[in-house]
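J.: got a predicted model here, sequence first, then my questions.
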Amino acid sequence: MQALVILPTYNEIGNLRPIVDAILDHGSMYDVLIIDDGSPDGTGLLAERLKDSYPGRIEVMHRQGKLGLATAYLAGFRYGMQRGYEYFFEMDADFSHNPDYLPVFIETMERTGADLVLGSRYVAGGGVTRWPWYRKMVSRGGSLYASKLLGVDIRDLTGGFKCFRRSVFDGIDLESITSTGYGFQIEMTYRALESGFHVVEMPIIFEERREGKSKMSPAIFLEAFWMVTKMRAERVAKESSTQPERLRS
């Protein structure tokens, strides 16, 4: 069975070749889909050269302008579904997600029977390197806030290194996903849990990017905050509508 590793890129020319090489070194099971949002630094052109270097193992999707992380992943999911992939990875292109974890995700999924495996910074054995204290506080606090508000027992809801079985996409409506930024990570995991899929966290060490600048911004953080609030409101409304009339009166 084949796995598709989806790499959204914007100005990642210094990281792209080594990350692709490292992914494909793990064997013929793994293919790569690079989704470039019109990088002005030439990332898209490099992606095309890499495609020629690895015939049949790399595909490139070019988009005009920065259309958002969520739409990139959703486009990648649809692409992979049409081509019969069984496993789908979300992964950053900047080495903050170590490609050596790829086979560990598959092993964890098969051993536990999980439908979705999350690379978690906040379970035993996980962690973060080279982050200042305030960034750790924001990240961990955001995950804690989301898990408490949504009532789910997941330690790292905001993490972006994941492996899905295709059955998850068969079971949830991808068209209903409304997040545009990092709130997408929370929403996808929550929708999978809500639909009854088995979600497992496995420990990873998250590393600071090797080159380039982080894409995180206050706007992205606020979008995630409001997405969690919206999902909480939807949950409360759903629970209220299923209560017997005598309990609601």
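T.: On my side now, so go ahead.
J.: what segments of this protein are strands?
T.: Along the chain, the segments classed as strands by DSSP state E run 3-9, 30-36, 58-62, 87-90, 116-120, 127-128, 162-165, 199-203, 205-206.
J.: can you put those in CSV and add mean pLDDT, mean neighbour count and distance to residue 137?
T.: Quick note: C-beta positions are derived from backbone N, CA and C, even for glycine. As requested, those are arranged in CSV below (pLDDT from 0 to 100; neighbours: other C-beta atoms under 10 Å; distance: least, C-beta to C-beta, whole Å):
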stretch, mean pLDDT, mean neighbour count, distance to residue 137
strand 3-9, 97, 25, 26
strand 30-36, 98, 24, 31
strand 58-62, 98, 18, 35
strand 87-90, 98, 24, 24
strand 116-120, 98, 25, 17
strand 127-128, 94, 16, 11
strand 162-165, 98, 24, 23
strand 199-203, 98, 20, 20
strand 205-206, 96, 19, 15
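J.: Serialize those to CSV and add fields for distance to residue 171.
T.: Supplementary listing: the strands of the chain in CSV, determined by distance: least, C-beta to C-beta, whole Å:
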stretch, distance to residue 171
strand 3-9, 18
strand 30-36, 22
strand 58-62, 25
strand 87-90, 13
strand 116-120, 11
strand 127-128, 32
strand 162-165, 10
strand 199-203, 12
strand 205-206, 28
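J.: out of those strands, nearest to residue 176?
T.: When the strands of the chain are ranked by distance to residue 176, counting by C-beta to C-beta, first place goes to strand 162-165 at 16.0 Å.
J.: mind listing the strands that closest one pairs with, and their directions?
T.: strand 87-90 (antiparallel), strand 116-120 (antiparallel) (DSSP bridges).
J.: other residues contacting the longest one?
T.: To tie it back to what came earlier, the one meant is strand 116-120. If you take C-beta atoms under 8 Å, 6 or more residues apart in numbering as the criterion, strand 116-120 is touched by 97, 101, 105, 108-109, 126, 154-156, 159, 161-165, 168, 189, 192, 197-204, 206.
J.: run the chain-centre distance for that strand.
T.: Taking C-alpha atoms, centre = their mean, to the nearest Å, one finds the center of strand 116-120 at 9 Å from the center of the full chain.
J.: tell me what angle it forms with strand 199-203.
T.: Using axes from the mean of the first three to the mean of the last three C-alpha atoms, to 10 degrees, the inter-axis angle of strand 116-120 relative to strand 199-203 is 30 degrees.
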